[in-house]
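Asker: With the input below, show me the fold.
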Amino acid sequence: MASARTEPLLAWQRGLYDGNHTTRSSLVVHAITNPLFVAGNIAALSAPFGSLWLVPVGLAMSAIAMAAQGRAHAKEPVAPVPFEGPLDAVARIFAEQWITFPRFVFDGGFSRAWHRASSAA
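Answerer: Below you'll find the predicted structure:
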């Protein structure tokens, strides 16, 4: 799979999403860890308005979510396109967590993937 994008990140990422999220185990991991990542981001960003302890807690929540998703992606039949560098990694991770996965859920992609997936996966 070529990594050179010819379309905007969100359209490119959503176009590949169904093929990279095909097993029920991966779908469950994403369903649990996406809110964990988002909550971790919110916690870290809200620290200046609350308590500074929210920074390490929020960063840990986000890191745990990314580690779990990375393990789930490693078990998918189709591997994700490799990152082109640190900025690409950050852009793709935040786009996936904040925009692409929620769109996948709300446009019915998650439900379709769940029904196509083998329950043994």
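Asker: After the longest helix along the chain, which helix or strand is next?
Answerer: If you go by DSSP state H, the chain has its longest helix at helix 24-46. Downstream of helix 24-46, the first helix or strand assigned by DSSP states H and E is helix 54-74.
Asker: so what's residue 55 up against?
Answerer: Residues counted as contacts of residue 55 (CB atoms under 8 Å, 6 or more residues apart in numbering) are 43-44, 47. To be clear about C-beta, it is placed using only N, CA and C from the backbone, and glycine gets the same treatment.
Asker: For the protein, which residues score under the pLDDT cut-off?
Answerer: For the chain, applying pLDDT under 70 flags the ranges 1-3, 118-121.
Asker: what's the spacing between residue 4 and residue 88?
Answerer: 11 Å (CB to CB, to the nearest Å).
Asker: what about the two, which has more around it?
Answerer: Just comparing residue 4 and residue 88: by other CB atoms under 10 Å the higher neighbour count belongs to residue 88, 15 against 7.
Asker: thinking again about what came up before, how far is the longest helix of the chain from where the chain is centred?
Answerer: Centre-to-centre, helix 24-46 and its host chain are 8 Å apart (CA atoms, centre = their mean, to the nearest Å).
Asker: quick one, it and helix 54-74 angle?
Answerer: Helix 24-46 and helix 54-74 are oriented at 160 degrees to each other (axes from the mean of the first three to the mean of the last three CA atoms, to 10 degrees).
Asker: Skipping its backbone neighbours, what lies nearest residue 42 in space?
Answerer: Nearest non-adjacent residue to residue 42, counting by CB to CB, 6 or more residues apart in numbering: residue 58, 7.2 Å away.
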